[in-house]
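Novice: Sequence unavailable; structure follows:
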């Protein structure tokens, strides 16, 4: 049966950890990723694609800081929107090329997409997400004086010179702002790339206007909100491991296969999944099933197609309806 | 009557000539522009919006060049896509805020958009569009050695130290690549921002794949292609003057009001309109009427609403049908 699937792509879908992020490297990774996505489209599934932007936003922030004498640096929300253009373009072009070769010329298009968060989110009290360049102690002091709104933290051991970094909150996504447009696009048969980098985070200001906020939203949690608003059947998180694992790093380590929401919630509460890594992915999947999704899958990029037919990955399904 | 209108915004819609391009300046200009766009939406018209990206792409290219030791510079096509995200985000957020205040919450969304050009375009033989930073003679030599594919030209008089600049072609736009998606979006009632900066220019490579090319497409000519594919009724170019003028800079100077295509073609052939300035705007308008458009208008941002009802601007209409 043909499904609406929201696919959340991990960082390795665009840039490998050992790469610098040249355009050639990124297009090569995007090509590998796109061939998996195109396979799913060939099965007749309708895809909505979301992706991270950590390395791309990081590079852009370094470039923004590097030329402030000539050119005004743009803030994080603008940089986030820039990476949506950048990464969206690479996927859109690559997938269009592949689809035309397959004689399946589905329209593929990326949208600029904001996601609502709240400054009441507890993460605003103690921001934890490092962004942009590393600073020496001296540079850190200078930045703090120039930009009093920045929170700078020591993020590496004391014996490293460049050990300071700006940190921003990573608030929970509340709502996808462009949900009506995106839903209409999906309904009309367009393959949509949206909510890139977790979406551009926005808050309501005192005049009830949306405005950007310096923050980073977890892309899997934002992807889950996207899956809700497009009424997805499946939510598929593609990462660098083939499944979520319990007792990770012990002799009792083993992959989680198909589990009900209640079974997964038990494992989650037993703290089998690492915060900042597998934890938010599992949480996002559980939310999707709670919302009413049919299945949520965590697997690796190369196992995506197998995971859709239950041959790989971790799959969370709803609890049986009793009485 | 409600019309589908493609609006092409000039550079002053986002950044004034005397500004540096801070985020605050740009949002302020975008707000002024958006209030005009929202007025048109309140009349019930359906808008597709396109915009330039010269200053934004220029700033980003300077930043890309400035940090090459730490971060790989991205090529022009990627930078173009970044500016579509950046500018699209500013308009989208601002228009959404205004529309919600008006209790007219139309969906507004920006798309990443490529435009096909050909390397057989004569402009590839002698590129003329300056882009990115200014170089001294020494810097120009260094860049030429490092990047043999760059064409560097002297663009300022000899007595200026930094007088060299990279030049790229400005080919004629052939086709809007995402036309199916954009048309479906417009048909479903979405206010679409597309073809930003004239679109990301792409060519077919020898394997018949689309790939980016270092070029800049005139945003009015690209806007006209966009107007064709969405089946627009009107094509509206907003710039810094209220009308096209004949005998410009002479005592006989006077504005062109409503003219037929044939009348305008005569004026165009008499070279009343400056190449690189009013010339391409008039050409884009004439193409739109040739294609089958009902009217094409050139006016200033603040006269946009007046021009729609024939009270301002230059308007080109089809020739009367005779036999």
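Specialist: Here it is on my side, so go on. Computed from a prediction, not measured in an experiment: that's the story for all the values here.
Novice: which residue does chain A bring closest to chain B?
Specialist: Proximity to chain B, evaluated over chain A using CB to the nearest CB, is greatest for residue A:85 at 2.8 Å. The way it works is simple: take the backbone N, C-alpha and C, and place the C-beta from them, glycine included.
Novice: Give me the phi and psi for the residue nearest to that residue when sequence neighbours are not counted.
Specialist: In space, and not counting its chain neighbours, residue A:85 is closest to residue B:85: 2.8 Å by CB to CB, 6 or more residues apart in numbering or on different chains. Note on residue B:85: backbone dihedrals following degrees, to the nearest 10 are phi -70, psi -50.
Novice: Repeat that for the one 3 residues further on.
Specialist: Note on residue B:88: its backbone torsions stand at phi -60, psi -40 [degrees, to the nearest 10].
Novice: and it, what does it touch?
Specialist: By CB atoms under 8 Å, 6 or more residues apart in numbering or on different chains, residue B:88 lies in contact with A:81, A:85, A:112, B:110-111, B:193, B:196.
Novice: Nearest to residue B:34 among the residues you listed?
Specialist: Residue B:34 lies nearest to residue B:193 out of these, by CB to CB, at 10.8 Å.
Novice: Now the closest one: closest residue in space that isn't a chain neighbour?
Specialist: With sequence-adjacent residues excluded and distances taken as CB to CB, 6+ apart, residue B:193 is closest to residue B:110, at 3.9 Å.
Novice: Can I take it that that neighbour is in a strand?
Specialist: Yes: the assignment for residue B:110 is a strand, going by DSSP: H, G, I helix; E, B strand; the rest coil.
Novice: before we move on, the earlier item: the residue of chain A closest to chain B reaches residue A:109, doesn't it?
Specialist: No: taking CB atoms under 8 Å as the definition, residue A:85 is not a contact partner of residue A:109, at 12.0 Å.
Novice: out of these two, which sits in the more crowded spot?
Specialist: The neighbour comparison of residue A:85 against residue A:109 (other CB atoms under 10 Å in any protein chain shown) goes to residue A:85, with 30 against 27.
Novice: what's the helix or strand for the nearest residue to residue A:133 once chain neighbours are set aside?
Specialist: Leaving out its chain neighbours, the residue that sits closest to residue A:133 by CB to CB, 6+ apart is residue A:62, at 4.8 Å. Assessed by DSSP states H and E, residue A:62 sits inside helix A:54-66.
Novice: Give the rounded mean pLDDT of that helix.
Specialist: Regarding helix A:54-66, the rounded mean pLDDT is 89.
Novice: Also compute the angle for that helix relative to helix B:54-66, please.
Specialist: Note on geometry: by axes from the mean of the first three to the mean of the last three CA atoms, to 10 degrees, helix A:54-66 and helix B:54-66 are set 100 degrees apart in direction.
Novice: Okay, and the beta partners of residue A:258?
Specialist: On the basis of DSSP bridges, residue A:258 takes part in beta bridges with residue A:315.
Novice: So residue A:204 sits against residue A:210, correct?
Specialist: Yes: if you go by CB under 8 Å, residue A:204 and residue A:210 touch, sitting 6.3 Å apart.
Novice: Now for those two: what residues contact both?
Specialist: Residues touching both residue A:204 and residue A:210 by CB under 8 Å, 6+ apart: residue A:116.
Novice: For the stretch 151-300 of chain A, which residues are neighbours of chain B?
Specialist: Residues of the stretch 151-300 of chain A lying close to chain B (CB under 8 Å from any CB of the partner chain) are A:177-178, A:180-182, A:184-185, A:187-190, A:193, A:200, A:202, A:209-212.
Novice: in the stretch 151-300 of chain A, which spans are strands?
Specialist: Secondary structure of the stretch 151-300 of chain A, counting by DSSP state E, counting those that start in this stretch: strands at A:151-154, A:164-168, A:175-176, A:191-193, A:200-204, A:210-212, A:234-239, A:245-246, A:254-255, A:258-260, A:295-300.
Novice: most packed of the ones you listed?
Specialist: strand A:191-193 (a mean of 28; mean count of other CB atoms under 10 Å in any protein chain shown).
Novice: Sheet-wise, list the partners of that strand with their directions.
Specialist: strand A:46-51 (parallel), strand A:108-110 (parallel).
Novice: Okay, now the unreliable bits of chain A?
Specialist: Applying pLDDT under 70 to chain A flags the ranges A:323.
Novice: Can you tell me the centre-most residue of it?
Specialist: Nearest to the geometric centre of chain A sits residue A:219, at 2.3 Å (CA atoms, centre = their mean).
Novice: Report the contact partners of that residue.
Specialist: A:8, A:50-53, A:195-198.
Novice: these two touch, right, residue A:192 and residue A:48?
Specialist: Yes: using CB under 8 Å, residue A:192 makes contact with residue A:48 at a distance of 5.0 Å.
Novice: give me the number of residues near the residue nearest to residue B:193?
Specialist: A count of nearby residues for residue B:110, using other CB under 10 Å, gives 31.
Novice: my guess is it meets residue B:195, correct?
Specialist: No: using CB under 8 Å, residue B:110 is not in contact with residue B:195; the gap is 10.3 Å.
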